[in-house]
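**Student:** Coordinates for the following, if possible.
(chains A and B)
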Amino acid sequence: MSLASGPGRGGSFIEHLPPELRLVIDKHVTYVQSLDTRKDELEYWLTEHLRLSGLYWGLTALHLLRRPDALPRDGILEYVISCLSDSGGFGAAPNHDPHILYTVSGVQILAMIDGFEELDRRVQDIANLQTDSGTFTGDEWGETDTRFLYGALNALSLLGRMDLVDVDKAVKHIQLCANFDGGYGTSPGAESHAGQIFTCVSALAIAGRLDLVDRDKLGEWLSERQLPNGGLNGRPEKQEDVCYSWWVLSSLATIGRLHWIDRDKLRDFILQCQDFELGGIADRPGDMVDVFHTVFGIAGLSLLAYSRSHESNALTHDMPTLAEVDPQ
Amino acid sequence: MASHGVPRVRGVENSAKSEHAKQKEQEKIAKYKTLNDTVKTRIADKQYTLDTFHHTSELLTENPEYYTIWNHRRTILLHLFQPIPHDDPSTESTSDSAPSPVPSPSVQHIHDLITTDLRFLIPLLQKFPKCYWIWNHRLWLLSQASLLLSTPTSIDIWREELGLVSKMLARDARNFHAWDYRRFVVSRHEQQTGKSLTEEEFAYTTKKVMGNLSNFSAWHYRSKLIPRLLDEREAGKEDRKRMLDAEFDFVNEALNTDPYDQSLWFYHQFLVSTLQPDASEKIATELSNRDRVARLEAEIEAIREIEDDTKDCKWLYQSLLKYSAILLDVEAAQKAVTNEDLSVWMLQLETLDPLRAGRWTDLKKRLNM
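**Tutor:** Sure thing, here's the model as predicted:
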């Protein structure tokens, strides 16, 4: 069970958008399933370094589409365990080196399929990645980034072992990455970036320290990510991209400011990015789909439906009935 | 690799690939897998040789996202850095005496390995400027230079990096990998030489924003440099005030040219945020409330002037409301902004920016409107 994580086959063009925009759930399920059968494509082999995250993205998309059994549990479990390294942590594929990025994907998949038994003896390896300054390295080679800090806290919280790390120190490090605009960057001094904001805000949520976030300031910055076409970008004066439907949107939801953007326009933008023929979602309308944009597009739609249903006590009729995600 | 900006190709065209094309693809896959197997086998056999090293070069040129191979490359380099036993018998016998000023062959060897590898990365960075692993490997090479080479040699190597990163930023002025890398190189260079580069870096941000006013990455860096710059200049109260005035003039002039550019507005907001008594980053110090009121009123007035000629720019109304709210916090009895002004601006904002209607509703509550 291993899914191709790159682009590959394409179907309909933007010029051929159907008159009524709706989520083509069955097509997306077929698309994710098809990713396991693409070994005849060069792209399949060139994306081996992403395989475990690809499986997490595909599986999460299926769960949100309420089709969790569309991939076989046994196959998933076998593949995930085959990515466990002897020295600790998960690699992206069998015989790839362990790294926090794939370790968090491995833990997340096992959490979804209820397969934690194998992991108990591995948790210390994640905790050992914390540095003296409170942040986390990606692996034994020492690169640090707030992505890794979030990955470590996410995995440890799923495993119920936050006691293994110095959470206060990690929180202090996140605060050093904060900027005047309310956002966060990759490291102290770095520019605010929606992806990094997701990692820092989510890490603070896991640590129970959202009191440290300047919600109005950050909400203002995040809400300005929406462009007239409804899509969201990741930084000022940049292009829109479906993946920010998760990074920006979930951050807005976490700080209680989801209503500061136009949710209907974002929903339509995501729906336009679908490949209506072969399934999958792209970064922008008319581009090639991949499993990464597919899951973040669907997660965005799910969050939008969830927020709306809380507001009006009913799902609006044109929102797809997706499983709920609650970023907190 | 997530696909960004790759146009969709029709499925039928794709599946109807000619037999020839399909065969070609299979050949490519076979070649790639053979290369991959060669590297894996050699690493499993601990063959940390130049030959294996060249195989990793080949594989990484095909696929620089393959992080495990970068790890293998570093493992090989660490082995190649070791002095070769019996290669130069004189090395061992002189090792107890005073270090020779002439680099020993092994140091030269390390130097060559590091600089050759730095050169190998340049075309890769140009082709894949957003690949984390390439930047990470480059930083690792530089850290090895600091560890293993003489200080002047390693400083030379680090300094050359500033040239490279400027070239990368000339190609894409918003590449955050390059900006992060630049800050790191600057800070290490400063540590090694004991000489600050803050003035040079500040001048660099001026050059970058003059080249493109929308470059928020450069404005952001500027916001981080100014407080440091003032400290290093040991600037007094007047110097600091002059700096604040100059920055407001700079960004206001840019706003007069393009009031629709949000990069400029965020920088303007940064300057305003430094006025607050609890600001984490300050430019002017020892500001009285009267100074604050005067500055806020001046900024509101400047925006109103732009508004005289530009009626369809939501940023004007958004900023007028934002700064008025701060002004009211500082001085409730101020006279510069009336309730009617607030109502007019709010109506304009709601009309011009319906996307963020929920936010304007919250803002109205905050302003008791």
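
**Student:** could you measure A:Leu258 against chain B, distance?
**Tutor:** Distance from A:Leu258 to chain B, counting by C-beta to the nearest C-beta, to the nearest Å: 8 Å. (C-beta placed from N, C-alpha, C; glycine too.)

**Student:** go on, A:Leu59?
**Tutor:** According to C-beta to the nearest C-beta, A:Leu59 and chain B sit 17 Å apart.

**Student:** Isn't that residue up against A:Ile76?
**Tutor:** Yes: counting by C-beta atoms under 8 Å, A:Ile76 is a contact partner of A:Leu59 at 6.8 Å.

**Student:** All the strands of the stretch 151-300 of chain A, in order from the start?
**Tutor:** Remark: strands assigned in the stretch 151-300 of chain A by DSSP state E, counting those that start in this stretch are A:281-282, A:289-290.

**Student:** Skipping its backbone neighbours, what lies nearest B:Leu113 in space?
**Tutor:** Computed as C-beta to C-beta, 6 or more residues apart in numbering or on different chains, the closest residue to B:Leu113 that is not its neighbour in sequence is B:Leu80, at 5.8 Å.

**Student:** List the residues that contact the one you found.
**Tutor:** For B:Leu80, the contact set (C-beta atoms under 8 Å, 6 or more residues apart in numbering or on different chains) comprises B:48, B:50, B:53, B:109, B:113.

**Student:** Also A:Phe198?
**Tutor:** A:Phe198 neighbours (C-beta under 8 Å, 6+ apart): A:150, A:246-248, A:250-251.

**Student:** Select from those residues the one having the most neighbours.
**Tutor:** With neighbours defined as other C-beta atoms under 10 Å in any protein chain shown, the most crowded of the contacts of A:Phe198 is A:Ser251; it has 30 neighbours.

**Student:** OK, contacts around that residue?
**Tutor:** Going by C-beta under 8 Å, 6+ apart, A:Ser251 touches A:194, A:197-198, A:201-202, A:218, A:222, A:327.

**Student:** one more time with 6 Å
**Tutor:** Counting by C-beta atoms under 6 Å, 6 or more residues apart in numbering or on different chains, A:Ser251 touches A:197-198, A:201, A:222.

**Student:** Between those residues, which sits nearest chain B?
**Tutor:** Checking those against chain B with C-beta to the nearest C-beta, the nearest one is A:Leu222 at 10.2 Å.

**Student:** measure the closest one to A:Asp262 for me?
**Tutor:** The gap separating A:Leu222 from A:Asp262 is 13 Å, by C-beta to C-beta, to the nearest Å.

**Student:** Please say which of those two ends up with more neighbours.
**Tutor:** Legend: neighbour count by other C-beta under 10 Å for A:Leu222 and A:Asp262, higher for A:Leu222 (30 against 20).

**Student:** The helix or strand hosting B:Tyr317 and chain A, any residue contact?
**Tutor:** Assessed by DSSP states H and E, B:Tyr317 sits inside helix B:314-330. No: using C-beta under 6 Å from any C-beta of the partner chain, helix B:314-330 never reaches chain A; the gap is at least 8.4 Å.

**Student:** Output the contacting helices and strands for that helix.
**Tutor:** Contacts defined by 3 or more C-beta pairs under 6 Å, 6 or more residues apart in numbering or on different chains; DSSP states H and E place helix B:314-330 against helix B:289-309, helix B:339-352.

**Student:** any chance of those helices in a markdown table, with mean neighbour count too?
**Tutor:** Conversion of the helices and strands packed on helix B:314-330 to a markdown table gives the following (neighbours: other C-beta atoms under 10 Å in any protein chain shown):
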| stretch | mean neighbour count |
| --- | --- |
| helix B:289-309 | 16 |
| helix B:339-352 | 16 |
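
**Student:** what's the closest of those to chain A?
**Tutor:** helix B:339-352 (11.2 Å).

**Student:** Indicate whether the closest one makes contact with chain A.
**Tutor:** No: Helix B:339-352 is not in contact with chain A by C-beta under 6 Å from any C-beta; minimum separation 11.2 Å.

**Student:** pLDDT on the following helix or strand past that helix, on average?
**Tutor:** The first helix or strand that comes after helix B:339-352 along the chain, using DSSP H and E, is helix B:357-366. Mean per-residue pLDDT for helix B:357-366: 95.

**Student:** Ok, stretch B:45-59 next?
**Tutor:** Here the average pLDDT along stretch B:45-59 is 97.

**Student:** So what's the gap between it and the chain middle?
**Tutor:** Remark: stretch B:45-59 is offset 32 Å from the chain centroid, using C-alpha atoms, centre = their mean, to the nearest Å.

**Student:** One more: stretch A:205-214?
**Tutor:** Offset of stretch A:205-214 from its chain centre (C-alpha atoms, centre = their mean): 19 Å.

**Student:** on contacts alone, who are the packing partners of the helix or strand bottoming out on mean pLDDT in chain A?
**Tutor:** For chain A, the helix or strand with the lowest mean confidence is helix A:123-127, at a mean of 78 (criterion: mean pLDDT, DSSP states H and E). Here helix A:123-127 touches helix A:146-158, going by 3+ C-beta pairs under 6 Å, 6+ apart.

**Student:** buried residues in the longest helix along chain B?
**Tutor:** Across chain B, the longest stretch assigned as helix under DSSP state H is helix B:19-44. For helix B:19-44, burial by neighbour count (16 or more other C-beta atoms under 10 Å in any protein chain shown) applies to B:29, B:32, B:35-36, B:38-40, B:42-43.

**Student:** same deal with stretch A:205-217?
**Tutor:** A:205-207, A:209-210, A:213, A:215-217.

**Student:** buried sites along stretch B:66-79?
**Tutor:** Neighbour counts over stretch B:66-79 (16+ other C-beta under 10 Å) mark B:66-77 as buried.

**Student:** so of these, which ones are in helices?
**Tutor:** Short answer: the buried residues of stretch B:66-79 in helices (DSSP H) are B:67-77.
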